[in-house]
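Undergrad: Here you go, sequence then predicted model.
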Amino acid sequence: MSDHRPPTTDDLLRWDRDHVWHAFTQMQEYEPLLIESGQGATLVDTAGNAYLDGSASMWCNVHGHRHPRLDAAVRAQLEKVAHTTNLGLSNPTTVALARRLVEIAPPGLTKVFFTGDGSSAIEAALKMAFQYWLQADPPRAGRTTFIAIGEAYHGDTLGAIGVGGVDRFTAMFAPLTFAAVRVPSPGGPCPHTGRPAPSLAEALATLDRTLAEHRGTVAALVMEPLVQAAGGVLVHPPGFLQGVRELTERHDVLLILDEVAVGFGRTGTLFACERERVTPDILCLAKGLTAGYLPMAATLTTATIWNAFLGTHAERRTFFHGHTYGGNPLAAAVALESLDIFRDERVLESLPPKIDRLRVQVTRLGGLDHVGDVRQCGLVAGVDLVADKASRRPYPWQEQRGTRACLTARRHGAILRQLGDTVVIMPPLCITLDEIDRLAAAAEAGIRAATVG
Ligand SMILES: *Cc1c(COP(=O)(O)O)cnc(C)c1O
């Protein structure tokens with residue numbers, strides 16, 4: 001039924017609307033944009049228009065598109081094998097990556113479980129934590145509760161939304177999920193509800209009380225360290241992470257840190273938890289792991305947890321969990337090369353001036369008439385659009401001001417994504433100072449256009 005003429009751009013735009021069900025997208029209102037190529041921090045569409053990649057292709061691109069070394073790493077692995085399985089056998093590239101991750105992770109995290117995306121890194125962590133207590137010495141059954149932070153986002157599979165707190169994504173699925181116990185986020189007033197945030201001391205006191213109330217039933221506390229990205233770029237006060245680590249230790253509860261968004265340099269250090277010298281019991285990595293090239297995630301843990309799963313097959317202590325493409329060698333090859341680039345190109349050392357420049361620009365955006373709060377940590381920032389600057393009164397959410405700002409920013413040469421009425425600026429780490437200025441100018445044009453009237 002199909003002829004052999006190559007599809008035209010118009011065909012593709014039509015087929016995109018007709019057949020592709022886009023993630024987190026209202027398809028009735030979807031405006032197609034076909035990105036055909038990229039280079040550095042720039043993306044190019046099928047009509048030849050260039051855009052700065054202001055969302056790092058959904059927060060995962062690190063060193064830019066078409067980095068020659070990353071491209072070469074994938075090609076070199078293709079010369080060997082594209083995929084084998086890690087169910088009961090292994091591959092040199094995947095083993096080398098596990099070793100590298102252990103070397104760079106906070107001390108004590110020596111075991112690596114590979115999956116395919118951030119949500120599945122979290123699912124593995126939740127099941128690992130639950131099963132750990134059943135098999136710990138002595139075993140502690142009844143550890144069925146997870147504690148999570150308000151406005152948290154840990155992915156969209158059922159387990160992950162059980163510990164998530166962004167209600168507009170997950171509320172309808174409540175009947176299908178287990179409900180975590182939530183404690184309020186100290187990361188600034190909730191941009192969606194306007195609820196004021198507790199202070200650092202209040203947040204930790206609430207957590208202490210919650211842990212005491214649920215004594216003996218909590219498997220783990222799950223949280224995004226330093227910045228709750230999808231919650232609206234909510235930045236925690238310094239000391240919160242360390243306080244949480246102390247409380248989880250005191251109450252004998254595991255700490256799962258979700259560095260899916262903040263890992264790999266986003267906050268200025270390789271991992272966010274380094275900033276407060278915290279080692280979690282379980283660390284989840286994804287997005288930036290392969291520098292934005294291929295799907296891969298990793299759940300790292302300690303020898304203590306691993307040991308609880310050891311025994312003969314007949315003892316039934318095995319972690320019966322895993323995904324077909326876990327530990328994929330092509331993804332592992334590009335992840336290894338990305339870590340070499342971090343070292344060879346001194347990527348972390350290059351960040352402070354960029355972070356400073358983003359701060360200057362975001363502060364400037366904060367002066368616009370319809371911008372309320374702005375928040376930044378490292379190379380991620382959130383800019384809240386508000387109906388009234390003085391009172392921070394939000395726009396009616398139905399007006400989709402954030403979406404409109406981002407769509408207009410496209411016409412000014414930048415791809416940005418909103419979270420409700422928060423415009424998020426999260427470029428690849430390779431972005432230049434000049435590109436940060438251009439990105440902010442496009443964001444400003446979008447914000448101005450979306451907030452008239
Ligand atoms: C994106 C994200 C996830 C989910 O990752 P996916 O790869 O989309 O499944 C989990 N946690 C955080 C903090 C994230 O930002």
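TA: Received the coordinates, thanks. Numbers count the residues shown, from 1 in each chain.
Undergrad: Near the residue of the chain found nearest the ligand, how many other residues are there?
TA: Closest to the ligand within the chain is residue 118: 2.1 Å, counting by CB to the nearest ligand atom. In this view, the C-beta of every residue, glycine as well, is placed from N, C-alpha and C. Counted with other CB atoms under 10 Å, the neighbours of residue 118 add up to 28.
Undergrad: who's in contact with it?
TA: Neighbouring residues of residue 118 by CB atoms under 8 Å, 6 or more residues apart in numbering: 154, 155, 258, 260, 261, 284, 286, 287, 297.
Undergrad: Skipping adjacent residues, who's closest to the spatially most central residue of the chain in space?
TA: Geometric centre of the chain, nearest residue: residue 261, 2.4 Å, by CA atoms, centre = their mean. Counting by CB to CB, 6 or more residues apart in numbering, residue 261 lies nearest to residue 229, which is 3.8 Å off, once chain neighbours are set aside.
Undergrad: Burial check on residue 159, number of neighbours?
TA: So residue 159, with other CB under 10 Å, has 21 neighbours.
Undergrad: Mind telling me what element it is part of?
TA: Following DSSP states H and E, one finds residue 159 within helix 158-162.
Undergrad: Can you tell me what sits against that helix?
TA: By CB under 8 Å, 6+ apart, helix 158-162 touches 119, 122-123, 126-127, 146, 154-155, 169-170, 173, 176-180.
Undergrad: Need the max-distance pair from those residues.
TA: With CB to CB as the measure, no two of the contacts of helix 158-162 lie farther apart than 127 and 169, at 21.7 Å.
Undergrad: so residue 183 bridges to which residues?
TA: Note on residue 183: beta-bridge partners residue 149, judged by DSSP bridges.
Undergrad: and residue 181, what pLDDT?
TA: If you check residue 181, the pLDDT there is 96.
Undergrad: Same check on residue 168?
TA: 77.
Undergrad: Pretty sure it sits in a helix.
TA: Yes: per DSSP: H, G, I helix; E, B strand; the rest coil, residue 168 lies within a helix segment.
Undergrad: Around it, how many other residues sit close by?
TA: Neighbour count of residue 168, defined by other CB under 10 Å: 10.
Undergrad: ok, so what distance separates residue 132 from residue 143?
TA: Separation of residue 132 from residue 143 (CB to CB, to the nearest Å): 8 Å.
Undergrad: Who has more neighbours out of the two?
TA: Neighbour totals were compared for residue 132 and residue 143, and residue 132 leads with 26 against 23 (other CB under 10 Å).
Undergrad: who touches the more buried one in this structure?
TA: Going by CB under 8 Å, 6+ apart, residue 132 touches 219, 254, 305, 308, 309.
Undergrad: Which positions in stretch 21-33 come out as buried?
TA: Neighbour counts over stretch 21-33 (16 or more other CB atoms under 10 Å) mark residue 33 as buried.
Undergrad: Stretch 319-327 too?
TA: Those would be 319, 322, 323, 325, 326, 327, for stretch 319-327 by 16+ other CB under 10 Å.
Undergrad: What parts of this structure come near the ligand?
TA: Within the chain, the positions adjacent to the ligand are 117-119, 122, 153-155, 224, 229-230, 258, 260-261, 286-287 by CB under 6 Å from any ligand atom.
Undergrad: Let me see the contact set for residue 308.
TA: Residue 308 makes contact with 131, 132, 135, 136, 137, 317 under the criterion CB under 8 Å, 6+ apart.
Undergrad: tally of neighbours for the nearest residue to it once chain neighbours are set aside?
TA: Leaving aside its sequence neighbours, residue 308 sits nearest to residue 135 (CB to CB, 6+ apart; 4.4 Å). Look at residue 135: counted by other CB under 10 Å, it has 18 neighbours.
Undergrad: hey, what's in contact with both of residue 132 and residue 143?
TA: In contact with both residue 132 and residue 143: residue 219, using CB under 8 Å, 6+ apart.
Undergrad: still on that earlier bit, which ones among the residues of the chain next to the ligand are found in strands?
TA: residue 258 (DSSP state E).
Undergrad: which one of the residues of the chain next to the ligand is nearest residue 393?
TA: In terms of CB to CB, no member of these lies closer to residue 393 than residue 230, at 23.3 Å.
Undergrad: Would you confirm that residue 139 contacts residue 133?
TA: Yes: counting by CB atoms under 8 Å, residue 133 is a contact partner of residue 139 at 7.2 Å.
Undergrad: Neighbour count for these two, which is higher?
TA: Higher neighbour count among residue 139 and residue 133: residue 133, with 21 against 11, using other CB under 10 Å.
Undergrad: any idea how far residue 253 is from residue 139?
TA: For residue 253, the distance to residue 139 (CB to CB) stands at 16 Å.
Undergrad: An error on my part: the question was meant for residue 294.
TA: According to CB to CB, residue 294 and residue 139 sit 39 Å apart.
Undergrad: which residues does residue 381 contact?
TA: Residue 381 neighbours (CB under 8 Å, 6+ apart): 233, 358, 362, 374, 375, 424, 425, 426.
Undergrad: Please, where are all the strands along the stretch 101-250 of the chain?
TA: Using DSSP state E, counting those that start in this stretch, the strands of the stretch 101-250 of the chain run over residues 109-115, 145-149, 181-183, 218-223, 227-228, 234-235.
Undergrad: which residues sit against the second one?
TA: Looking back up the chat, that one is strand 145-149. Strand 145-149 is touched from outside by 126, 129, 154, 162-165, 178, 180-185, 207, 210-211, 214, 217-224, 228, 253, with contacts defined as CB under 8 Å, 6+ apart.
Undergrad: host element of residue 403?
TA: helix 401-411.
Undergrad: in that helix, what counts as buried?
TA: For helix 401-411, using 16+ other CB under 10 Å, the buried residues are 401, 402, 403, 404, 405, 406, 407, 408, 409, 410.
Undergrad: I'd say the fifth one and residue 452 touch.
TA: What it means is residue 405. No: using CB under 8 Å, residue 405 is not in contact with residue 452; the gap is 11.2 Å.
Undergrad: quick one on the thing from earlier: okay, and which of the contacts of residue 308 map to helices?
TA: Using DSSP state H, the subset of the contacts of residue 308 located in helices is 131, 132, 135.
Undergrad: Would you tell me which one of these comes nearest to residue 14?
TA: The closest of those to residue 14 turns out to be residue 131 (CB to CB; 48.3 Å).
Undergrad: contacting residues for the closest one?
TA: 308, 309, 319.
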